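J.: Below is the structure, and that's it, no one-letter string:
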């Protein structure tokens, strides 16, 4: 890797990692400092990585993953910049129990011990908006394009093309890109990959898309519902589960999919309420999950209906897969994929079978309810660990309480004069 840095003219190395909310953090070092990490590890203050309720005074060591090495395709100054994604460790080198990347690693190890390997193809949606004269984002778009519209109606085509090229140069393979339903809304589908590669890819995707948008004078946002009168943006996850190299979702049973596929879906459904604070972690997430839109609200699955929370799409044979349609782009991908893996395998282990079309109720209607479900779910605690769950819940609760204290413009408009 050091030789490659020298050959590529790398002058800066960005060591990147995510906090408990999935927000990308970064610290830049010189190649000389990077070469010394084995003897002189780099530490960061972990107090601020888990919200205000984080552990005071904890020093965390950055452990770079060589498989995530890439050269950033954009630069504003001479000299190339490399990046690596890192896991977080204690000072003695043991994994930090509140590191979300480590949580996914543990889940994959447990699945491998049982003989399973889960892969995923993410479909990511986002909006492109104009920025004002001060460089601040707006919610203004001058286009009126809709689903699959082409240039010149689709004004974001060139920006999307650069996003795809940037992702490919960073090692994140793209399957397709398109204009989505609402004006200014776009979608990019990543290729199928293992869960850790996918979580790393989603983190890279967010950074690359926003950087490419900025170069076009635009702001890219993964906010689930930036406009009240437009469709929201989600992340659809298409899962394929293999054992001994074979797709266990494929089958000859009625419908052309296996009982294991039904068990996997049923496991996800049973644990979904406890998972929703992770799949939909913002106050704004629940403005998307409302009836009358394409976003799902019912806890049910189908092999036919497209608007269900969980689907087994009509493709069969070795391409049989399970689609989860509820998550959005603000989710921490490491925690989300760890929970999806463990929930699905729990359904298989218990041979849990929820009939197609049967509703287990509705998703939580707001973040406050979702946090309560998260805290009460023993499965979630077992999967992610009690320490991580405690910090995550505190982080989300802090946001919910901040929101609850706000006096909105709607309240002032409706009540100030009348009362």
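T.: Nice, I can see it. Note that the coordinates shown come from a computational prediction; the quantities given were computed from them, not determined experimentally.
J.: Show the low-confidence segments of the stretch 1-150 of the chain, by residue range.
T.: 48-57, 76 (pLDDT under 70).
J.: Going along the chain, name the helices of it.
T.: Taking DSSP state H, counting those that start in this stretch as the test, the helices found in the stretch 1-150 of the chain are 2-8, 31-35, 100-113.
J.: Contacts for the last one next, please.
T.: This points to helix 100-113. In this structure, residues lying in contact with helix 100-113 by Cβ atoms under 8 Å, 6 or more residues apart in numbering are 17-18, 20, 22, 85, 87-88, 95-96, 117-118, 194-196, 199, 332, 334-335, 337-338, 341-342, 345, 383-385, 388. In short, each C-beta sits where N, CA and C put it, glycine included.
J.: Buried ones from those residues, can you make that a PyMOL selection?
T.: Here is the PyMOL command that selects the buried residues among the contacts of helix 100-113 (16 or more other Cβ atoms under 10 Å):
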select buried, resi 17+18+20+22+85+87+88+95+96+117+118+195+196+199+332+334+335+337+338+341+342+345+383+384+385+388
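J.: In strands, which of the contacts of helix 100-113 appear?
T.: 17, 18, 85, 87, 88, 117, 118, 194 (DSSP state E).
J.: Now render those as CSV, adding distance to residue 211.
T.: Putting these into CSV (distance: Cβ to Cβ, whole Å) gives the following:
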residue, distance to residue 211
17, 18
18, 17
85, 16
87, 24
88, 24
117, 32
118, 30
194, 25
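J.: Nearest to residue 319 among these?
T.: For the ones in strands among the contacts of helix 100-113, the closest approach to residue 319 (Cβ to Cβ) belongs to residue 118, at 15.2 Å.
J.: how close does that closest one sit to residue 4?
T.: 31 Å (Cβ to Cβ, to the nearest Å).
J.: go on, residue 41?
T.: In this structure, residue 41 and residue 4 are separated by 21 Å, where distance is defined by Cβ to Cβ.
J.: Of these two, which one has the most company?
T.: Each of residue 41 and residue 4 has its neighbours counted (other Cβ atoms under 10 Å); residue 41 has more, 15 against 11.
J.: residues near the closest residue in space to that one that isn't next to it in sequence, how many?
T.: With sequence-adjacent residues excluded and distances taken as Cβ to Cβ, 6 or more residues apart in numbering, residue 41 is closest to residue 61, at 4.6 Å. By other Cβ under 10 Å, the residues close to residue 61 number 20.
J.: Residue 61: what's it in contact with?
T.: Applying Cβ under 8 Å, 6+ apart, one finds that residue 61 lies in contact with 41, 42, 43, 88, 89, 90, 91, 93.
J.: same question, residue 60
T.: The contact partners of residue 60, taken as Cβ under 8 Å, 6+ apart, are 43, 44, 45, 46, 49, 88, 89, 90, 96.
J.: Those residues into TSV, with extra columns for distance to residue 409?
T.: Formatted as TSV, the entries for those read as follows, by distance: Cβ to Cβ, whole Å:
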residue	distance to residue 409
43	44
44	39
45	37
46	38
49	33
88	40
89	46
90	46
96	41
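J.: Just name the closest of those to residue 79, please.
T.: Compare each of the contacts of residue 60 with residue 79 using Cβ to Cβ and the shortest gap goes to residue 44, at 23.9 Å.
J.: Which ChimeraX command selects the buried ones in the contacts of residue 60?
T.: Selecting just the buried residues from the contacts of residue 60 in ChimeraX takes one command, with 16+ other Cβ under 10 Å as the test:
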select :44,46,49,88,89,96
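J.: what ranges do the helices span in the stretch 251-400 of the chain?
T.: Secondary structure of the stretch 251-400 of the chain by DSSP H, counting those that start in this stretch: the helices cover 259-279, 285-288, 333-350, 367-376, 378-384, 386-404.
J.: Of all the ones you listed, which one comes closest to residue 297?
T.: The closest of these to residue 297 is helix 285-288. By Cβ to Cβ, the value is 9.9 Å.
J.: chain center to the helix or strand where residue 189 lies: distance?
T.: According to DSSP states H and E, residue 189 maps onto strand 185-190. Computed by Cα atoms, centre = their mean, to the nearest Å, the separation of strand 185-190 from the middle of its chain amounts to 13 Å.
J.: Report the mean per-residue pLDDT for that strand.
T.: Averaging pLDDT along strand 185-190 gives 98.
J.: Show me which of the ones in strands among the contacts of helix 100-113 is closest to residue 379.
T.: Proximity of those to residue 379 was ranked by Cβ to Cβ; the top entry is residue 118 with 16.8 Å.
J.: what sits opposite that closest one in the beta ladder?
T.: Under the criterion DSSP bridges, residue 118 forms beta bridges with residue 241.
J.: contacting residues around it?
T.: Taking Cβ under 8 Å, 6+ apart, we find residue 118 in contact with 108, 111, 194, 195, 239, 240, 241, 242, 340, 341, 344.
J.: Now the third one: closest residue in space that isn't a chain neighbour?
T.: Spelled out, it's residue 194. When the adjacent residues along the chain are set aside, residue 194 lies closest to residue 119, with 5.5 Å between them (Cβ to Cβ, 6+ apart).
J.: Would you mind listing the residues in contact with the one you found?
T.: With contacts defined as Cβ under 8 Å, 6+ apart, residue 119 is in contact with 192, 193, 194, 195, 198, 239, 240, 242.
J.: so the last one sits right up against residue 116, yeah?
T.: It stands for residue 242. Yes: if you go by Cβ atoms under 8 Å, residue 242 and residue 116 touch, sitting 7.3 Å apart.
J.: These two: who's more crowded?
T.: Legend: neighbour count by other Cβ under 10 Å for residue 242 and residue 116, higher for residue 116 (20 against 15).
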